[in-house]
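S.K.: Fold the following, please.
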Amino acid sequence: MARSAGSTRKRAPGEGKASRRAGGARPERARPRAGTVALVGRPNVGKSTLLNALLGERIAITSHHPQTTRDRIAGILTVDRTQYVLLDTPGLHKPRNRLGQRMNDVASGTAAEADAVLFLVDVDPDPAPEVREEDERAFRSVPPGKPVVLVVNKVDRVKQKTKLLEVLAAYAKLYDFAAVVPISAKKRDGLDRLLAELGKLLPEGEPLYPEDDLSDKPVRFFVAELVREQILLRTRQEVPHGVAVTVDAFEEGKKLSRVALTVHVAKESHKGIVIGQGGKMLAAIGTAARERAERLLGQRLHLDIRVKATPGWFDDAGKLIELGYADDGLPPKNDSSRARARAGAAR
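M.R.: Residues are numbered from 1 along each chain as shown. The predicted structure is shown next:
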C-alpha cells in the first residue's frame, strides 16, 4: 500500500489525552482489544458515510444512488489500545440480478464472520413509531446470537425528540441489542459513545493490522472506485446502475504511477453520455478521480480511461468474474499489494 510521505495521523473520534486518577496515580492500562465489526443495513442509510466519519477519512465512495457500495471495504481504526476493523458492506435489498444477489451474499457473509455487527437504520424528519419493513427484512441477514449494536442515523433531522424516543423504543424490541445508539454520521454526533459500545464487544488481543493502516484494499481498488464515484455523481437515470470499472494495467513508479482503466457501461448509447461532447465529461471524471486518489494514496498518478459497452454484465456469471465481482468480497490473505493509505492523507 502506498504511504503518504510526511503525513501525520489525525486524532480519531473518542481519542483523547491520557488522564490521571485523583492523587496523581496512573490508571491501570486496559488490555488491548482488536476485532471486526460488520456495518449492515438496507441501502442509503449512511453506512459508508458512517465509516468515513469514524475514520476521519473518505475511503468509501458515496452517492445518492442506492447500491453504491458493491464490495466489503475494511476501514481500520486504532484508538488507544483498541483496534476496530470496520467492515462496510453493500445495502441489503431485493436483488434483481446476479450482481445484486452477490452483494447481498457479501453483506450477510461479512455479518456472519465478524466479531460484532453494527446494524444501521435511519429516521425521517417526521418518523412513525414503528420498525420499517425494509429494516426488518434486512435484519434477518444477521446471524442469531451475534452481538449487535443498533445505530439510528440522521437523528439531527428529527425536530420533535419525543417522536425519536418512540422510534428508538420500537426498534429496541426487534432484538436483544447490546446497545442502541442514536447518531448523526454527517455531523459526527454520537460517535464517541458508539465506539465505546463497540469496543466492549471486541475480543481481547493484539492489533490485527499496523496502527497506521487505513484499509486492507489494494491501491488499484481505490483508483477504480474513485473513477466509478465520479460517474455516479455526474450521470443520471439508468447509467450509474450499469457502470463497472476495471483496472487493466498498473505500472508503479517512484515519482508517477500509471493506471489503465476501462469503464464498462450497460448499453452502447451510454458510452456517449460518459464520454461527453468532445470527451469533456470523461476528462472531468478522470481529473476529479485522479485528484482524489492522489490525496488518498499519497502518490502521483496518471489515469488512462477508456469506455466500453458490456451489455448485461451485471446478470452474466462469466462477465461478473471478468469484472471482479465473482468472489466473496474478502481480500486475499497475505496480499503484499494491500494499500496502506496512512491516516491523515485523505481529504
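S.K.: quick one: the helices in the stretch 1-150 of the chain?
M.R.: Applying DSSP state H, counting those that start in this stretch to the stretch 1-150 of the chain gives helices spanning 47-55, 98-113, 133-139.
S.K.: average pLDDT across the last one?
M.R.: pLDDT averaged over helix 133-139 equals 96, rounded to a whole number.
S.K.: Repeat that for the first one.
M.R.: Model confidence over helix 47-55 averages 97 on the pLDDT scale.
S.K.: Return it as PDB; C-alpha atoms alone will do.
M.R.: Extracted C-alpha coordinates of helix 47-55, given in PDB (Å, rounded to 0.1, in the frame of the first residue of the first chain):
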ATOM      1  CA  LYS A  47     -23.100   3.000   6.200                       C
ATOM      2  CA  SER A  48     -20.300   4.400   4.000                       C
ATOM      3  CA  THR A  49     -20.800   7.900   5.400                       C
ATOM      4  CA  LEU A  50     -20.500   6.500   8.900                       C
ATOM      5  CA  LEU A  51     -17.400   4.500   8.100                       C
ATOM      6  CA  ASN A  52     -15.700   7.700   6.700                       C
ATOM      7  CA  ALA A  53     -16.800   9.700   9.700                       C
ATOM      8  CA  LEU A  54     -15.300   7.200  12.200                       C
ATOM      9  CA  LEU A  55     -12.000   7.000  10.300                       C
END
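S.K.: can I get the helices of the stretch 1-150 of the chain in CSV with distance to L198 and mean neighbour count?
M.R.: Heads up, the C-betas are built off the backbone N, CA and C, glycines and all. Supplementary listing: the helices of the stretch 1-150 of the chain in CSV, determined by distance: least, CB to CB, whole Å; neighbours: other CB atoms under 10 Å:
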stretch, distance to L198, mean neighbour count
helix 47-55, 9, 24
helix 98-113, 14, 20
helix 133-139, 18, 17
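S.K.: Can you give the distance of stretch 312-328 from its chain's centre?
M.R.: Put simply, stretch 312-328 sits 21 Å off its chain's centre (CA atoms, centre = their mean, to the nearest Å).
S.K.: could you redo the helices of the stretch 1-150 of the chain as CSV and give each row distance to I285?
M.R.: Below are the helices of the stretch 1-150 of the chain laid out as CSV (distance: least, CB to CB, whole Å):
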stretch, distance to I285
helix 47-55, 20
helix 98-113, 22
helix 133-139, 32
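S.K.: and of those helices, who's closest to T82?
M.R.: helix 47-55 (12.5 Å; CB to CB).
S.K.: So A293: helix, strand or coil?
M.R.: Secondary structure, DSSP: H, G, I helix; E, B strand; the rest coil: A293 is helix.
S.K.: hang on, D216 packs against D71?
M.R.: No. Assessed by CB atoms under 8 Å, D216 is found out of contact with D71, at 11.4 Å.
S.K.: that older thread, please name whichever of the helices of the stretch 1-150 of the chain is nearest to I321.
M.R.: Closest among the helices of the stretch 1-150 of the chain, using CB to CB: helix 98-113, at 10.6 Å.
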